[in-house]
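1. Using only what follows, build the 3D model:
(4 chains)
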2 protein chains.
Amino acid sequence: MTSDHANPPIPGQDDRDADPLSEGAQPAGAVLPPDADDGVTGTRALARQAVEERILNAAEQVFAEYGFKGATMGRIAELAGLPKANLHYYFATKIALYRQVVERIFQIWLEAADAFDGCDRPEEALGRYIRAKMDISRLHPNGSKVWANEILHGAPVIQDYLETTLEEWTNGRMRLIEGWIARGLMKPVDPRTLLYMIWATTQHYADFNHQIHTLNGGEPLSDEQFEAVRETVVSIVLRGVGIDPDPRTGAD
Amino acid sequence: MTSDHANPPIPGQDDRDADPLSEGAQPAGAVLPPDADDGVTGTRALARQAVEERILNAAEQVFAEYGFKGATMGRIAELAGLPKANLHYYFATKIALYRQVVERIFQIWLEAADAFDGCDRPEEALGRYIRAKMDISRLHPNGSKVWANEILHGAPVIQDYLETTLEEWTNGRMRLIEGWIARGLMKPVDPRTLLYMIWATTQHYADFNHQIHTLNGGEPLSDEQFEAVRETVVSIVLRGVGIDPDPRTGAD
DNA sequence: CCTCGACTTGACCGTTTGGTCAGGTTTTGA
DNA sequence: TCAAAACCTGACCAAACGGTCAAGTCGAGG
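-> Predicted coordinates for the structure are as follows:
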């Protein structure tokens, strides 16, 4: 704070703020200096972006493994391959780093949510959404774990996301589901409970993957196993809301 | 370690061991001094049991809220209403305290598991089990959170439980489900995936209750809301495995 | 009433950890 | 070529935390 060089006029985006937790930032990806967008200009900015990416990846892994308090800046720095002091050059505080990790995760989450839209048949929308979320659990288990950890401990950092973006998204999808029900395309189940069930089940395969591996003889699920699980989940949920997932026999 | 009084001949049970995590204890509830059972004898032992209970409750709450590393002995002591040094008289180390908290949770988990047995109709067994697990999430959210946190971070303390008790229980229930499938009482879904789905969904209402409250307008679910959710979950799962939860029409 | 062991506690200690800082080196732009 | 800005890093610091210890108090048995 008193120094003047650990917080230079940074090309990319950086600390945002160093509050003692709580409150977040913009809809993410919004406010950027009119220079950095994604196709960064100079070689300098490009290098910076690469280093930041490396740090964020390391941080995601360490935060997922040890939780916020259990993760240490030293371990993150070691995993990212640079000295701890240098890490503080890019991210002013541990909380600032953590927040960016969580924001990145939320972006992925929202992108999967798009699978819900674009078609008006529940079996296709729900199926696509479940598969997308299962694939995220397969590809980004650490991200999901960090998210789970954050919620588990009362969402001290992302409370505002829950109250704004997530709530809006949820309400929109609930209306969609209610529309399907009204048109008789599926049984009248509570849409919110259905969404929670999908979240819980899909994220379970990331958050609890250690337990799943243990009960799988100590081995991670193979690609074939995972695909079978994914399709089983899809069919149980679809059948659970009154849609026959197997097109051989008509159901509704 | 060098001292001789912080680890006295304790009437109840205590430290077990102070390893740097990993490895656990017996099938839990087994090896006890031939005195302490549940009906403790002297007023002394009774007082001790009461204090230990108070500490364990405080610890469960603090561990659930902050995670293992984030929880501090000071906060636990404060919540239990005694000085930190006194807490170390009852539980030698933080890990020893944590382990007892987790063991207690596992016991509750196993008791709910009994709901699975005692009848041979899947709709009744599954329904009872789901309801029991939902009620646990309602009554012991902190316990569930500690458990989730433990698995999330790779089960450093309860790995042996996963590999022994939990695996045996799971295999037994899977065979039961396979029997139901073989007799045509439900659709042929992968039993393991079904169990995971039930675990994920029911525990979601404990582990993610903060998110659920936020999306419920900042208020916890009322008893009525929770009961509705519980029955919705039961009916989606039952219908999902080909059992009509609504007895008006025959399904299988 | 006295003794001995169970229990209690304030003060203290060594370690870990997030963060700082001064003094570098490298890159950029004029 | 040269200065200024950006970037890098070993050494350091204060706070927090788990755990220890000596000096107690309390209560049951003799």
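
2. What residue, apart from its backbone neighbours, is nearest residue A:242 spatially?
-> In space, residue A:242 comes closest to residue A:187 once its chain neighbours are excluded; the distance is 3.3 Å by CB to CB, 6 or more residues apart in numbering or on different chains. From N, CA and C alone the C-beta is placed, and that goes for glycine too.

3. I'd say that neighbour and residue A:239 touch.
-> No - with contact defined as CB atoms under 8 Å, residue A:187 and residue A:239 do not form a contacting pair (10.0 Å).

4. list residues touching both of these two?
-> residue B:239 (CB atoms under 8 Å, 6 or more residues apart in numbering or on different chains).

5. List the buried residues for the strand or helix carrying residue A:45?
-> Element membership for residue A:45 (DSSP states H and E) is helix A:43-70. For helix A:43-70, burial by neighbour count (16 or more other CB atoms under 10 Å in any protein chain shown) applies to A:45, A:48, A:51-52, A:55-68, A:70.

6. what does stretch A:86-104 give?
-> In terms of neighbour count (16+ other CB under 10 Å), stretch A:86-104 has its buried residues at A:87-92, A:94-104.

7. Show me the subset of those that also lies near DNA strand C.
-> Near DNA strand C, taking CB under 7 Å from any atom of the strand as the test, the members of the buried residues of stretch A:86-104 found are A:88, A:92, A:94, A:95.

8. From those, pick the one nearest residue A:222.
-> Using CB to CB, residue A:94 is the member of those that lies nearest residue A:222, at 36.9 Å.

9. contacting residues for that closest one?
-> Taking CB under 8 Å, 6+ apart as the definition of contact, the neighbours of residue A:94 are A:68, A:71, A:73.

10. Give me the nearest residue to the first one, chain neighbours excluded.
-> Spelled out, that is residue A:68. Distances taken as CB to CB, 6+ apart place residue A:98 nearest to residue A:68, at 6.0 Å, with adjacent residues excluded.

11. pretty sure that neighbour is touching residue A:157, no?
-> Yes - using CB under 8 Å, residue A:98 and residue A:157 qualify as a contacting pair, with a distance of 6.5 Å.

12. And the pLDDT at residue A:19?
-> With respect to pLDDT, residue A:19 has a value of 33.

13. Oh, that last question was meant for residue A:183, not what I typed.
-> The predicted structure scores residue A:183 at 96 on the pLDDT scale.

14. what does the one 3 residues further on give?
-> We note a pLDDT of 97 for residue A:186 in this prediction.

15. and it, helix, strand or coil?
-> Each residue gets one of three states, and residue A:186 gets coil by DSSP: H, G, I helix; E, B strand; the rest coil.

16. For it, give its distance to residue B:239.
-> As for residue A:186, its distance to residue B:239 is 11 Å (criterion: CB to CB, to the nearest Å).

17. List the residues that contact the residue nearest to residue A:68.
-> Residue A:98 touches A:59, A:63, A:68, A:157, counting by CB under 8 Å, 6+ apart.

18. hmm, the host helix or strand of it in reach of DNA strand D?
-> Here residue A:98 is covered by helix A:94-113, with elements defined by DSSP H and E. No - judged by CB under 7 Å from any atom of the strand, helix A:94-113 makes no contact with DNA strand D; its nearest approach is 13.0 Å.

19. Let's verify the nearest residue to residue A:204 once chain neighbours are set aside: helix, strand, or coil?
-> Closest residue to residue A:204 apart from its sequence neighbours, by CB to CB, 6+ apart: residue B:200 at 3.4 Å. Three-state assignment for residue B:200 (three-state DSSP): helix.

20. how about low-confidence regions in chain A?
-> Low-confidence regions of chain A, defined here as pLDDT under 70, cover residues A:1-42, A:247-252.

21. What count of nearby residues applies to the residue of the stretch 51-200 of chain A found nearest DNA strand D?
-> Distances between the stretch 51-200 of chain A and DNA strand D by CB to the nearest atom of the strand are smallest at residue A:85, namely 2.7 Å. For residue A:85, the count of nearby residues is 10 (other CB atoms under 10 Å in any protein chain shown).

22. Would you list the phi and psi of it?
-> Its backbone dihedrals place residue A:85 at phi -60, psi -30, with angles given as degrees, to the nearest 10.

23. one step back: who's in contact with the residue nearest to residue A:242?
-> With CB under 8 Å, 6+ apart as the criterion, the residues that contact residue A:187 are A:181, A:241, A:242, B:239.

24. can you list the residues you listed in JSON lines and add secondary structure, distance to DNA strand D and neighbour count?
-> Below are the contacts of residue A:187 laid out as JSON lines (DSSP: H, G, I helix; E, B strand; the rest coil; distance: CB to the nearest atom of the strand, whole Å; neighbours: other CB atoms under 10 Å in any protein chain shown):
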{"residue": "A:181", "secondary structure": "helix", "distance to DNA strand D": "49", "neighbour count": "18"}
{"residue": "A:241", "secondary structure": "coil", "distance to DNA strand D": "46", "neighbour count": "24"}
{"residue": "A:242", "secondary structure": "coil", "distance to DNA strand D": "50", "neighbour count": "19"}
{"residue": "B:239", "secondary structure": "helix", "distance to DNA strand D": "47", "neighbour count": "21"}
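
25. And those, which two are furthest apart?
-> A:181 and B:239 (14.4 Å).

26. Not counting sequence-adjacent ones, nearest residue to residue A:235?
-> With CB to CB, 6+ apart as the criterion, residue A:235 has its nearest non-adjacent residue at 3.9 Å, and that residue is residue A:245.

27. What of residue A:122?
-> Using CB to CB, 6+ apart and skipping residues adjacent in sequence, the residue nearest residue A:122 is residue A:180, 4.5 Å away.

28. Which helix or which strand is home to that neighbour?
-> Taking DSSP H and E as the criterion, the element that holds residue A:180 is helix A:167-182.

29. Any idea how many residues pack against residue A:111?
-> By other CB under 10 Å, the burial measure for residue A:111, its neighbour count, is 11.

30. and the gap between it and chain B?
-> Distance check for residue A:111 against chain B: by CB to the nearest CB, to the nearest Å, it reads 19 Å.
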